[in-house]
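1. pasted the sequence and its predicted model underneath.
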Amino acid sequence: AQSVTQPDIHITVSEGASLELRCNYSYGATPYLFWYVQSPGQGLQLLLKYFSGDTLVQGIKGFEAEFKRSQSSFNLRKPSVHWSDAAEYFCAVGVTDSWGKLQFGAGTQVVVTP
Amino acid sequence: NAGVTQTPKFQVLKTGQSMTLQCAQDMNHNSMYWYRQDPGMGLRLIYYSASEGTTDKGEVPNGYNVSRLNKREFSLRLESAAPSQTSVYFCASSSGQGLQETQYFGPGTRLLVL
């Protein structure tokens, strides 16, 4: 069965510093991979997704993610964080034994300090 | 466009009471979903509707029922609420089937069952 692990429950980063959020997945075939962001009191918003092709994916709000098959990872990065990036971030893998189901990780809470 | 809207935003129930969570989308999407979000567990799929007139169980359907009222609306009903159903509930929609279709999320309903 597919699974998604986000090893970091909570990360604190200074404004202007770089950010990297880790995501590891367990899946037998080439996965469909997603990163979502949830701002306080809001629903989830898609940051980026990977289906195939170039392993470095660009998303919205200056985020990017790199798919590494050898490490079963899909880490999210941003070179310079803004205070508005404080949110919870979820990695998800597409469950391809059905047509549209997503398996979510437990999430990483990002706190941005001045 | 309002996107995906959910009502109510917050609800307190006593054990055994019933209630219906409402979800509507104005994006002419075919597929709709209900998730629950619990601390440390990410989002888990309760039910989904691939198209108007069809519904299917997700990962955690016990204790819930759904109705796809029409193309716009997808409701979630708790017949006899239990404390274990205390959670944040998210509705989502996508234009069609398949993992390549982005899911758009509503702002959520916070439910507390005493």
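-> Noted; the coordinates are in hand. Residues are numbered from 1 along each chain as shown, chains lettered A, B, ... in the order given.

2. centroid-nearest residue for chain B?
-> In chain B, the centroid-proximal residue (Cα atoms, centre = their mean) is B:Trp34; its distance is 2.7 Å.

3. return the longest strand along chain A as PDB; C-alpha atoms alone will do.
-> Assignment by DSSP state E gives strand A:87-95 as the longest strand of chain A. Taking C-alpha atoms only, strand A:87-95 is exported to PDB below (Å, rounded to 0.1, in the frame of the first residue of the first chain):
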ATOM      1  CA  ALA A  87       1.600  27.500   7.300                       C
ATOM      2  CA  GLU A  88       1.200  23.800   7.400                       C
ATOM      3  CA  TYR A  89       2.600  21.900   4.400                       C
ATOM      4  CA  PHE A  90       1.300  18.500   3.200                       C
ATOM      5  CA  CYS A  91       2.900  16.000   0.800                       C
ATOM      6  CA  ALA A  92       0.600  13.600  -0.900                       C
ATOM      7  CA  VAL A  93       0.900  10.600  -3.300                       C
ATOM      8  CA  GLY A  94      -1.700   9.600  -5.800                       C
ATOM      9  CA  VAL A  95      -3.300   6.200  -5.300                       C
END
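
4. for that strand, what is the average pLDDT?
-> Mean per-residue pLDDT for strand A:87-95: 90.

5. what residues sit buried inside that strand?
-> A:Ala87, A:Glu88, A:Tyr89, A:Phe90, A:Cys91, A:Ala92, A:Val93, A:Gly94, A:Val95 (16 or more other Cβ atoms under 10 Å in any protein chain shown). For every residue, glycine as well, the C-beta is placed using N, CA and C.

6. what lies in contact with the lowest-mean-pLDDT helix or strand in chain A?
-> Taking mean pLDDT, DSSP states H and E as the measure, chain A has strand A:101-104 as its least confident helix or strand, at a mean of 85. Contacts of strand A:101-104 with the rest of the structure, by Cβ atoms under 8 Å, 6 or more residues apart in numbering or on different chains, involve A:2-4, A:34, A:36, A:90-95, B:42-45, B:48, B:58, B:99, B:103.

7. so how far is that strand off the chain centroid?
-> Centroid separation for strand A:101-104 versus its chain: 13 Å, with Cα atoms, centre = their mean, to the nearest Å.

8. list the contacts of the nearest residue to B:Val4 once chain neighbours are set aside.
-> Of all residues not flanking B:Val4 in the chain, B:Gly106 sits nearest, at 3.7 Å (Cβ to Cβ, 6 or more residues apart in numbering or on different chains). Shown in contact with B:Gly106 (Cβ under 8 Å, 6+ apart): A:Gly43, B:Gly3, B:Val4, B:Thr5, B:Gln6, B:Cys23, B:Phe90, B:Cys91, B:Ala92.
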